[in-house]
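1. based on what follows, work out the 3D shape:
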Amino acid sequence: MKFSKIEREHLFKAWVAISLAFGIVLSGGISGIFSPNLLTMVIVSALTVGLGFLAHEIAHKYVAQRYHCYAEFRAFDKMLILAIFMSFFGFVFAAPGAVMIRGVINRERNGKISLAGPITNIIIALFFLLLLNLSILPMLSKYGLLINSWLALFNMIPFGNLDGSKILRWDKKIYSITTAVALILLLLSFRILPF
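-> From the prediction side, this is the model:
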């Protein structure tokens, strides 16, 4: 898999912005921006969101390329700014960018390319759940579980260009199962984390 210089820059820019946005939310929103906890939460977010976000987008790219399509990530600057702005109010609307795909794809292939992202986040969430059960890096594991299950569920919303709409058009059963697993993991993370 090859990455152009522009693609690497866009992935890095989106990773930094989304990590900052989640770090602000996890620090308490606008009231936490001067907290000594902010830097820690940005680092935790960079590791958990960074892993989840990058793996999600690379999974789309990988599956698209398996179908012999051109696939390259592009950041959405306005959405990155919106994510940071909304984080001050305690919420992240995460649509940092997308993998742009060109090639011949039908509904099934489009569904499978779209499914690769949320499934990757579910796998990462399960990995963090395992680490948590083994008492390895508990704080990082708790937020890794929360953030990756949230990313999976958010992307399953069947709206616009989100993965969920393409998966739902392709296969309702796979859509339902994937959404249910992401929701269960998110609810589990709420039970584990002290909110």
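2. state which helix of the chain is the longest.
-> As assigned by DSSP state H, the longest helix anywhere in the chain is helix 37-66.
3. for that helix, which helices and strands make contact with it?
-> helix 5-26, strand 70-75, strand 97-102, helix 107-133, helix 138-155 (3 or more C-beta pairs under 8 Å, 6 or more residues apart in numbering; DSSP states H and E). Any C-beta I mention is one placed from the backbone N, CA and C, and that applies to glycine too.
4. between these, which gets nearest to Phe91?
-> In terms of C-beta to C-beta, the element of the helices and strands packed on helix 37-66 nearest to Phe91 is helix 5-26, at 6.9 Å.
5. what's in contact with that closest one?
-> 3, 32-33, 38, 41-46, 48-50, 53-54, 57, 72-75, 80-81, 83-84, 86-88, 90-92, 94, 96-97, 143, 147 (C-beta atoms under 8 Å, 6 or more residues apart in numbering).
6. can you rerun that using 6 Å?
-> With contact meaning C-beta atoms under 6 Å, 6 or more residues apart in numbering, helix 5-26 is reached by 41-42, 45-46, 49-50, 53, 72-75, 80, 83-84, 87, 90, 92, 94, 96-97.
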